[in-house]
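Engineer: When you get a sec, could you give me coordinates for this:
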Amino acid sequence: MIDPLQSTHFVVVTYNGEPFIEKCINAIKEESPSSPIHAIDNGSVDNTLSILDSLGVSPIKTNENLGFGKANNIGISRALSLNAEHVFLINQDAYLEKGSLLRFFEKPESNQTALHAFIQLNGIGDRLDSKFSSHYLTEAYCPDFLDDLYFNTLKSTYTSTFVNAAAWLMPKDLLLKIGGFNPSFFHYGEDDNYVHRLHHHGYELMLHHDCKVHHDREDRPQSEFFNDTKSKERLFLQRISHPSSQSRAEHILRQTKLNYWKKRLRGHSLESTIEAIHLNFLNRNPINEIVKNRETSKKQGPHFIDL
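Structural biologist: Sure thing, here's the model as predicted:
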């Protein structure tokens, strides 16, 4: 019989993770000493690499920042090549809470071909992560959870519409059907796209509220990836990369240009024209490649990972 802990491989993408990485790796080792750990370093220039070395973890060095999705795809590929039955993606600033992985594998739902997410607390574990308290546990994202919590009738697992990828457990069977992250996405939005593809292919995201990580991201300045321009670019990319989209590359480009000039002729300023942001994005990111990746993601298979 396969030991589920030994056949669970952890993938940790690192990038200047000096404040967090030792605690992250030690928490994995304490919970599951037999689980292989694959660190993919995105060109750290702090002490991340030396800390990994001191912990006995030999990272795959990209020598550049490939972004979250592409780096995770490298780790997923490595894990599957070494016969992983489950791949656990965990952020460098997330710490697995003791007993959580064992609890997961005691559940019958652990055998389900689904995307499994652990609940996220704050860094010290005394409150919910802000996204969970404001979004992911609400009725819109996690139906019945709050009612069941109030009436003390909690089930061990809930179907969710979305949970970010800071702590995802992905069975091999799921990865062979859905694949890895869409390489059109650099940083942020790739997990939204993955869940879109998950649902497109008829699979569920299952939230395990009794399996926990501490996500240590409070009191940090907001990332530049959440400024107004980057946010609008990301939403545009999510829309045109959605597996339900049928728009051809030339149609997307033509319609974006048409809408841009319509607004400009009506007197809209360049700064207030969202299509100007979209066109600038398409100048830097070939639309043909985006549509090609979208069409690939519509089919089942181990896309975007190397086997």
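
Engineer: so how far does stretch 259-271 reach from one end to the other?
Structural biologist: Start-to-end span of stretch 259-271 (Cα to Cα, to the nearest Å) is 14 Å.

Engineer: got the buried residues for that stretch?
Structural biologist: Buried positions in stretch 259-271, judged by neighbour count with 16 or more other Cβ atoms under 10 Å: 260, 263. For glycine as for every other residue, the C-beta is placed from the backbone atoms N, C-alpha and C.

Engineer: pLDDT on that stretch, on average?
Structural biologist: For stretch 259-271, mean pLDDT rounds to 88.

Engineer: Not counting it itself, show me its contacts.
Structural biologist: With Cβ atoms under 8 Å, 6 or more residues apart in numbering as the test, stretch 259-271 has contacts from 272-273, 275-276, 278-279.

Engineer: Narrow those to those that are buried.
Structural biologist: With burial judged by 16+ other Cβ under 10 Å, the buried subset of the contacts of stretch 259-271 is 273, 275-276, 278.

Engineer: so which of those residues comes closest to residue 193?
Structural biologist: Closest approach between the buried ones among the contacts of stretch 259-271 and residue 193, by Cβ to Cβ: residue 278, at 17.0 Å.

Engineer: what's the neighbour count on residue 152?
Structural biologist: If you count neighbours by other Cβ atoms under 10 Å, residue 152 ends up with 6.

Engineer: That one and residue 107: what is the separation?
Structural biologist: According to Cβ to Cβ, to the nearest Å, residue 152 stands 20 Å off from residue 107.

Engineer: same question, residue 247
Structural biologist: Distance from residue 247 to residue 107, by Cβ to Cβ: 41 Å.

Engineer: swap in residue 289?
Structural biologist: 40 Å.

Engineer: the more surrounded of those two?
Structural biologist: residue 107 (16 against 12).

Engineer: Can you verify my assumption that the more buried one contacts residue 156?
Structural biologist: Yes: using Cβ atoms under 8 Å, residue 107 is in contact with residue 156, at 5.9 Å.

Engineer: Overlap of the contact sets of these two?
Structural biologist: Common contacts of residue 107 and residue 156 (Cβ under 8 Å, 6+ apart): residue 208.

Engineer: in the stretch 1-150 of the chain, which spans are strands?
Structural biologist: Here the stretch 1-150 of the chain has its strands, by DSSP state E, counting those that start in this stretch, at 8-14, 37-41, 60-61, 86-90, 94-96, 115-121.

Engineer: Take those strands and write them to CSV, including distance to residue 235, mean neighbour count and mean pLDDT.
Structural biologist: Formatted as CSV, the strands of the stretch 1-150 of the chain follow (distance: least, Cβ to Cβ, whole Å; neighbours: other Cβ atoms under 10 Å; pLDDT from 0 to 100):
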stretch, distance to residue 235, mean neighbour count, mean pLDDT
strand 8-14, 23, 26, 98
strand 37-41, 27, 24, 98
strand 60-61, 31, 14, 98
strand 86-90, 23, 24, 98
strand 94-96, 25, 25, 98
strand 115-121, 22, 24, 98
